[in-house]
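Trainee: Kindly generate the corresponding structure for this input.
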Amino acid sequence: MAGRYHSTRGAGVVVDAKAAILEGLAADGGLFVSDDVLDAHLDLAALGLEANSEVDYLAHARQVLSLLIPAYTSEEIERAVASAYGASFSDPKITPLTPFGCDWRLELFHGPTCAFKDVALQMLPRLVEIALATSDAATAGERVLILTATSGDTGKAALAGFADVDRTAIVVFYPEGLVSDVQRLQMVTQPGANVGVTAVAGTFDDVQTAVKRVFSDRALEARLAERGITLSSANSINVGRLVPQVVYYVDAWCQLVRAGKVGADEEIDFFVPTGNFGDILAGYLAKRLGLPVGRLCICSNANDVLVDFLATGVYDRRREFKKSISPSMDILVSSNLERLLYYESDGDCELVASLMADLAEKGCYTVPERVMERIRATFTAGRTDDDATRAAIKRAWEEDGILIDPHTGVGASVMAASEPEGRSRVLLSTASPFKFPADVLLALGAPEERSGFAAMEALARLTGVEPPAELAALADAAVRFDGAIAPADAVAFVEAEAERLLP
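Mentor: The predicted structure follows:
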């Protein structure tokens with residue numbers, strides 16, 4: 001079976017890509033991975049590297065998806081790509097590459113919710129819809145309830161992607177008081193008959209743990225199954241969410257080659273603001289597929305568990321959680337790191353299962369040095385704090401006239417402090433600055449602190465930059481969801497939402 005997927009923690013149960021996407025998380029709690037796709041290679045010559053090439057982002061998406069989820073036919077992929085990357089993106093290039101000082105910036109925020117998550121979460125609902133219509137689920141009349149934990153951006157992007165999609169419903173959980181005003185309003189005003197949103201008391205890690213607990217509740221699974229409902233995820237633990245992110249690494253390299261900035265065999269480095277490790281793991285998969293990627297730099301804020309891990313080989317979540325101005329990165333348990341451990345240990349499921357058990361029981365694990373050496377051959381890491389992030393935001397505006405959000409500011413700060421290694425460098429710019437207007441205003445030296453739409457309007461006046469229409473429209477949107485739950489109540493909440501949304 002081409003494109004076989006199994007859990008990172010055991011290879012005994014094998015499914016195709018459609019089943020892996022519908023299930024989201026493997027039954028043993030592991031993440032779905034495929035060994036077959038690592039034998040696949042990008043056809044670099046078919047990527048359209050000539051300066052006048054008409055090969056575009058959609059063509060790159062078709063090639064990548066065909067390699068990584070081959071259970072989907074070429075016609076199905078064509079349909080999904082055309083639907084996902086149509087009029088919902090404000091730039092025809094989808095993810096344009098623009099100069100950033102002496103380096104480059106990959107703009108990932110031109111989708112409907114103004115964050116990089118749109119690139120994947122406009123695609124995932126199409127993949128789910130096709131899988132429901134063409135797999136065994138179609139015969140069974142199965143429906144899917146999507147559960148999503150968000151630190152800020154994933155929630156809105158998932159809600160926008162799945163709103164009113166046939167035979168699906170979506171429930172989003174976010175940490176109460178730990179997302180920006182604009183991020184919260186984007187979620188709680190979401191229209192759609194099949195959507196639900198709630199705040200959860202605690203940090204994002206508490207939210208993520210609560211949602212994983214729902215997935216592992218076999219009694220709930222059985223009760224939902226009796227009603228023809230399967231749980232799945234829109235987080236990057238879902239392979240259907242991860243695979244589309246590989247495309248913008250491919251497209252970024254192609255843009256540089258077409259512009260004559262790098263040669264057709266020349267590697268480039270990527271600097272990636274990341275918390276849950278999904279965005280940067282997509283770059284790793286692109287490299288494994290043969291894209292000329294040099295180094296992938298993990299850019300962390302004060303919650304620097306990944307930086308310490310790369311330095312020591314010890315992953316230790318037993319540390320103080322620090323609230324920062326880059327809230328989508330305020331994460332201490334980076335779920336997608338599990339996939340990297342699987343691949344760099346040459347598929348040692350027993351090792352991965354043992355490490356994840358240690359994380360659950362002890363709060364930490366230690367990776368064998370032989371595996372760490374392989375990881376360090378590709379990854380570097382840097383940390384920064386809020387003051388340095390503010391300085392990077394101010395520097396980008398004053399020196400280059402570029403307005404960046406605090407997460408991009410983390411990456412810009414780390415990149416500025418990193419010694420170039422002789423390769424072109426690309427910073428992943430993950431969100432519109434107008435999603436975090438209060439913090440951007442303060443970074444630019446605004447005399448007083450403002451919040452919500454007052455901050456958005458003040459930032460527009462100060463810079464002369466217009467906020468995206470999607471964000472400005474939130475001022476008149478009605479709040480639909482204003483509830484909050486404790487983490488322990490997640491199972492009961494999901495069951496009630498399943499009854500409400502999928503009666």
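
Trainee: pLDDT below threshold where in the stretch 351-500 of the chain?
Mentor: Under the criterion pLDDT under 70, no range of the stretch 351-500 of the chain is flagged.

Trainee: Show me where it has its strands.
Mentor: For the stretch 351-500 of the chain, applying DSSP state E, counting those that start in this stretch gives strands covering 364-366, 379-383, 424-429, 484-485.

Trainee: Of the ones you listed, which is nearest residue 261?
Mentor: With Cβ to Cβ as the criterion, residue 261 lies closest to strand 424-429 of the strands of the stretch 351-500 of the chain, at 6.2 Å. Where you see a C-beta, it was placed from the backbone N, CA and C, and this is true even at glycine.

Trainee: Make CSV out of the strands of the stretch 351-500 of the chain and add mean neighbour count and distance to residue 75.
Mentor: Compiled in CSV, the strands of the stretch 351-500 of the chain are given as follows (neighbours: other Cβ atoms under 10 Å; distance: least, Cβ to Cβ, whole Å):
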stretch, mean neighbour count, distance to residue 75
strand 364-366, 17, 43
strand 379-383, 20, 37
strand 424-429, 24, 31
strand 484-485, 14, 42
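
Trainee: Kindly reformat those strands as CSV containing distance to residue 263.
Mentor: As requested, the strands of the stretch 351-500 of the chain are arranged in CSV below (distance: least, Cβ to Cβ, whole Å):
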stretch, distance to residue 263
strand 364-366, 40
strand 379-383, 23
strand 424-429, 10
strand 484-485, 54
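
Trainee: closest one to residue 44 among those strands?
Mentor: Among these, strand 424-429 comes nearest to residue 44, with 16.5 Å by Cβ to Cβ.

Trainee: Tell me if I'm right that residue 160 and residue 117 touch.
Mentor: No - using Cβ atoms under 8 Å, residue 160 and residue 117 do not qualify as a contacting pair, with a distance of 9.4 Å.

Trainee: quick one, which of the two is more surrounded?
Mentor: Using other Cβ atoms under 10 Å as the criterion, residue 160 and residue 117 rank with residue 117 on top: 33 against 25.

Trainee: What residues does the more buried one make contact with?
Mentor: By Cβ atoms under 8 Å, 6 or more residues apart in numbering, the contact list for residue 117 reads 111, 153-154, 156-158.

Trainee: what do you get for residue 191?
Mentor: 163, 480.

Trainee: Is it part of a helix or strand, or is it coil?
Mentor: Assigned state for residue 191: coil (three-state reduction, DSSP: H, G, I helix; E, B strand; the rest coil).

Trainee: so after the lowest-mean-pLDDT helix or strand in the chain, what's the next helix or strand?
Mentor: Lowest mean confidence among the helices and strands of the chain (mean pLDDT, DSSP states H and E): helix 136-140, at a mean of 59. Reading on from helix 136-140 to the C-terminus, the next helix or strand found by DSSP states H and E is strand 143-149.

Trainee: Which parts of the stretch 251-400 of the chain are helices?
Mentor: Assigned by DSSP state H, counting those that start in this stretch, the helices in the stretch 251-400 of the chain fall at 278-288, 305-312, 337-344, 349-362, 369-376, 386-400.

Trainee: Show me what the longest one is packed against.
Mentor: Right, helix 386-400. For helix 386-400, the elements it packs on are strand 97-100, helix 406-416, helix 437-443, judged by 3 or more Cβ pairs under 8 Å, 6 or more residues apart in numbering; DSSP states H and E.

Trainee: Repeat that for the fourth one.
Mentor: Contacts of helix 349-362 with other secondary structure elements, assessed using 3+ Cβ pairs under 8 Å, 6+ apart, are made with strand 10-15, helix 337-344, strand 364-366.

Trainee: between the first one and helix 349-362, how big is the angle?
Mentor: Counting by axes from the mean of the first three to the mean of the last three Cα atoms, to 10 degrees, strand 10-15 lies at 100 degrees to helix 349-362.

Trainee: got the contact list for strand 10-15?
Mentor: Outside strand 10-15, the residues that touch it by Cβ under 8 Å, 6+ apart are 1, 4-7, 23, 26-28, 30, 32, 347, 349, 353.

Trainee: one more time with 7 Å
Mentor: Strand 10-15 is touched from outside by 4-7, 27-28, 30, 349, 353, with contacts defined as Cβ atoms under 7 Å, 6 or more residues apart in numbering.

Trainee: what's the distance between the residue lying farthest from the centre of the chain and residue 398?
Mentor: In the chain, residue 447 marks the outermost C-alpha relative to the chain mean, sitting 34.0 Å out by Cα atoms, centre = their mean. Noted for residue 447: a distance of 17 Å to residue 398, by Cβ to Cβ, to the nearest Å.

Trainee: Count the residues that sit near residue 213.
Mentor: Around residue 213 sit 14 other residues, with neighbours defined as other Cβ under 10 Å.

Trainee: same deal with the one 10 residues further on?
Mentor: Burial of residue 223 is recorded as 13 neighbouring residues (other Cβ under 10 Å).

Trainee: before we move on, what about residue 473?
Mentor: Residues within reach of residue 473, counting by other Cβ under 10 Å, total 11.

Trainee: which residues touch the nearest residue to residue 197 once chain neighbours are set aside?
Mentor: The spatially closest residue to residue 197, leaving aside those adjacent along the chain, is residue 481, at 3.9 Å (Cβ to Cβ, 6 or more residues apart in numbering). Listed by Cβ under 7 Å, 6+ apart, the contact partners of residue 481 are 188, 196-198.

Trainee: And residue 391, how far from residue 17?
Mentor: Distance from residue 391 to residue 17, counting by Cβ to Cβ: 44 Å.

Trainee: Would you mind putting the helices of the stretch 251-400 of the chain into CSV with mean neighbour count and distance to residue 236 alongside?
Mentor: Rendered in CSV, the data for the helices of the stretch 251-400 of the chain read as follows (neighbours: other Cβ under 10 Å; distance: least, Cβ to Cβ, whole Å):
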stretch, mean neighbour count, distance to residue 236
helix 278-288, 24, 3
helix 305-312, 18, 15
helix 337-344, 23, 9
helix 349-362, 16, 16
helix 369-376, 15, 18
helix 386-400, 19, 23
